[in-house]
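[1] Based on what follows, work out the 3D shape:
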Amino acid sequence: MMTPANLSSSISGAQEEKHLANQRDIELMSRIGDGDRNAFQTLVEIHQHAVVGTIARMLGAPWEADDLAQQVFLRIWKSAPRYKPKAKFTTWLFTIVRNLVYNETRRRQRKPTVSMEERAENGYQVSADTHSFFPDSILPDQQALQSEFEAVVEKAIQRLPEKQKAALVLRRHQEMPYSEIAKTMSISKPAVKALIFKARTRLRTSLQPYLEG
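    Take a look at the predicted model:
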């Protein structure tokens, strides 16, 4: 049974783990600033999955996430000599992600690319977790149903206003605290909570017909 003392110890342990991870990232950035390519490769390996996953969900285009992630890490490499740890490294990292996704979203609005629906019509299923494609014919029934539901959810998320979508993805998939999301998005903590509340309300409304069915 979890006691208050055990819970407090668990929270303290998690906070210490995050602190050590941040110190590790800052040390890696210092080495990268000196031109250490091995340190850069280590940083990429640590954060690549989270960056690619966040981009895929924010952009709604998993097939483009790898390319945009490369731009994120290229910007980190170029910025490393000037990097100053004024906030958590991940706050700075996902601020870069947010800015590049916003830019890409606006570019795509001016020049539409292949949509998820068009990919599906060509016989492929999008996997939001692995960011790869699998022919429908090899998916077991249960996996197909799960993939169908995930596609509905992802489509509903993509219809959210830009800021609501960004706040929800950072909270839901990166488990960022509200204070860190606020710094990443350059808004207040109450504004973050309001965005996430509105996003969840919209999602419940969008998914209600599907769930009832």
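
[2] which stretches of this structure form strands?
    124-126, 133-135 (DSSP state E).

[3] In terms of mean pLDDT, which of those strands ranks lowest?
    Across these, strand 133-135 has the smallest mean pLDDT, namely a mean of 32.

[4] Tell me the confidence at Met58?
    On the pLDDT scale, Met58 is placed at 87.

[5] ok, now Lys18?
    pLDDT at Lys18 comes out at 87.

[6] how close does it get to Thr91?
    12 Å (C-beta to C-beta, to the nearest Å). For glycine as for every other residue, the C-beta is placed from the backbone atoms N, C-alpha and C.

[7] okay, the two: which has more neighbours?
    Thr91 (18 against 13; other C-beta atoms under 10 Å).

[8] Give the full set of residues in contact with the nearest residue to the more buried one once chain neighbours are set aside.
    Of all residues not flanking Thr91 in the chain, Lys183 sits nearest, at 4.9 Å (C-beta to C-beta, 6 or more residues apart in numbering). Listed by C-beta atoms under 8 Å, 6 or more residues apart in numbering, the contact partners of Lys183 are Ala87, Thr91, Thr95.

[9] export these to CSV and tack on pLDDT?
    Shown next, in CSV, are the contacts of Lys183 (pLDDT from 0 to 100):
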residue, pLDDT
Ala87, 86
Thr91, 94
Thr95, 94
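
[10] got those as CSV, with distance to Gln41 columns?
    Below are those laid out as CSV (distance: C-beta to C-beta, whole Å):
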residue, distance to Gln41
Ala87, 24
Thr91, 22
Thr95, 22
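
[11] Among these, which are located in helices?
    When DSSP state H is applied, the contacts of Lys183 are split such that Thr91, Thr95 fall in helices.

[12] Thr42: which of the contacts of Lys183 is nearest?
    Thr91 (19.7 Å; C-beta to C-beta).
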